[in-house]
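S.K.: sequence below, structure please.
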Amino acid sequence: MASSIFSRPFFRFYGLLWRMALPFLKKSRRLADGWGERLAPENWLEPEFSPDQKGHCVDIWLQAASGGEARLAVSVCQALSKELPLKVLVATWTRQGRDVIEKALPILRESHPLLTLAVRFAPFDRPDIARRAIALARPRVVALMETELWPSLMAACREQGIPVHVLNGRITASTVNFGRRFSSLMKAVSPSSVHAISEHDRRGFAAIFPCLTQTMPNIKFDLAAELLSKALPEDEFHAEGPVFLFASVRSGEETRLPGQLKSIFTACPDACIAVVPRHLHRVEAWKSVLSDLGLSPLLVSEMQETISLPRGRVLIWDRFGDLPRLYASARAVFVGGSFGQGGQNFLESLAGGRVPCIGPSASNFLWAMNSEGGHVSLENSGLLRVAHTPREVIEIMLEQAESPRPRHEVRNAFQDWLIPRSGGSFIAGKILEKSLADD
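M.R.: Predicted coordinates for the structure are as follows:
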């Protein structure tokens, strides 16, 4: 029976690990934020949700890791029928993810007046917490965005007979290896269906889960198309010199890139360098490294509200939500996470009319870099530059800054590239609506 899943030795050991880890996790600034919600207390869903006649508080539970996945969740909500009175819970792990959902709430409420939407910090995956969260929400369907394969959450859904669908699915080699090692567990917690963003990912899911596995267009393409449908921001930051943007940089770049930044000022003394850490808790680390190199970094929060990007300075962006405007202001762009951490979303740079440069590690974005189904990759389309060393990053950016392609030309080429890849949000919405109809 499904109720026996949690009696397996794996979950006894897994639960013990969580109990040992929680005191240490509470010291993390990222996880201490919203700590009470992460424990799924009895009033976790108040005041937005209350049980219906069948005991369901929530129709759809969307599990989204952080800011990027939260944007996908918003896009899925926008694709849901406006005629259905639905209660949707988005569970996210980070403050950035929560901010994305809360910012979207007014627009969603206006476009979908029958939709009740709320966001909560995702419950920890300790077995008793995950079971309590599912018991409180009693969702009719659960959607796991991209890589959110939490064993206790999936087991709790299976225990309650709740269908689980992986949307925009991505999977890593380590997850596949884990799944093969614990094949009986994977069978016990298997989702109802997996909809992966590439054939490579589909094969990975199929290797560990005995369920329907299909491919779907990546919802990130829809987000990029939405950005392209809008004019470039008119209130882009005023820049006194060419802006070199290092967007969504992560710890993998903290020790590799700073030493190369002086060469930008050597070649272009009027440059302004904007460093935007992917996670705001890394701002101090960047400030320390850049200060040690004598670059005298300036935090954006220390500047006046109306920001003019000064020449000859390094700015560290310690606030969230300005990347679209920065892409519209930059002369050259590097998108981080690509020196050892799988990469970050570089499509926003193209929507801003700039061809991005990335490092050699972009395994999270093979769906955009590789050619599948006869489509040409971004790199072969001239819409992506890949550098293999930090020095090469600077060389490419200096080359781009000296002779940038017109923004409208980049945006038009990107729009043509996107057309055959769009539609993921619509498909995801229909998958969830069908699952609700089958309930």
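
S.K.: contacts and neighbour counts: CA atoms only from here.
M.R.: Will do.

S.K.: nearest the middle, which residue of this structure would you pick?
M.R.: With distances taken as C-alpha atoms, centre = their mean, G68 lies nearest the centre of the chain, 2.3 Å away.

S.K.: secondary structure element for that residue?
M.R.: Assigned by DSSP states H and E, G68 belongs to helix 67-79.

S.K.: show residues contacting that helix.
M.R.: 62, 64, 90, 92, 94, 96-101, 104, 108, 111-112, 145-146, 219-220, 222-223, 425-426, 428-429 (C-alpha atoms under 8 Å, 6 or more residues apart in numbering).

S.K.: V333 falls within a helix, correct?
M.R.: No - V333: not assigned to a helix; according to DSSP: H, G, I helix; E, B strand; the rest coil it is strand.

S.K.: neighbours around it, how many?
M.R.: By other C-alpha atoms under 10 Å, 28 other residues sit near V333.

S.K.: ok, now how distant is A387 from A79?
M.R.: In this view, A387 and A79 are 37 Å apart by C-alpha to C-alpha, to the nearest Å.

S.K.: now do the SS call for A224.
M.R.: Secondary structure assignment for A224 (three-state DSSP): helix.

S.K.: okay, now V141: neighbour count?
M.R.: A total of 22 residues lie near V141 under the criterion other C-alpha under 10 Å.

S.K.: that one is in contact with P163, isn't it?
M.R.: Yes - at 5.2 Å, V141 and P163 qualify as touching, with contact defined as C-alpha atoms under 8 Å.

S.K.: any common contacting residues for the two?
M.R.: Common contact partners of V141 and P163 (C-alpha under 8 Å, 6+ apart): S435.

S.K.: just for the chain, where's the confidence low?
M.R.: Low-confidence segments of the chain (pLDDT under 70): 1-3, 233-235, 305-306, 370-374.

S.K.: please parse it into its domains.
M.R.: Per automatic domain parsing, the domain ranges recorded for the chain read 28-217+423-438, 233-367+376-420.

S.K.: with distance to A21 added, can I get those domains in a markdown table?
M.R.: Formatted as a markdown table, the domains of the chain follow (distance: least, C-alpha to C-alpha, whole Å):
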| stretch | distance to A21 |
| --- | --- |
| domain 28-217+423-438 | 10 |
| domain 233-367+376-420 | 20 |
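
S.K.: ranges for the helices of the stretch 151-300 of the chain?
M.R.: In the stretch 151-300 of the chain, the helices defined using DSSP state H, counting those that start in this stretch lie at 151-160, 173-181, 183-189, 199-206, 219-228, 251-254, 262-267, 283-292.

S.K.: mind listing the strands for the stretch 1-150 of the chain?
M.R.: In the stretch 1-150 of the chain, the segments counted as strands under DSSP state E, counting those that start in this stretch are 60-64, 86-92, 115-121, 141-145.
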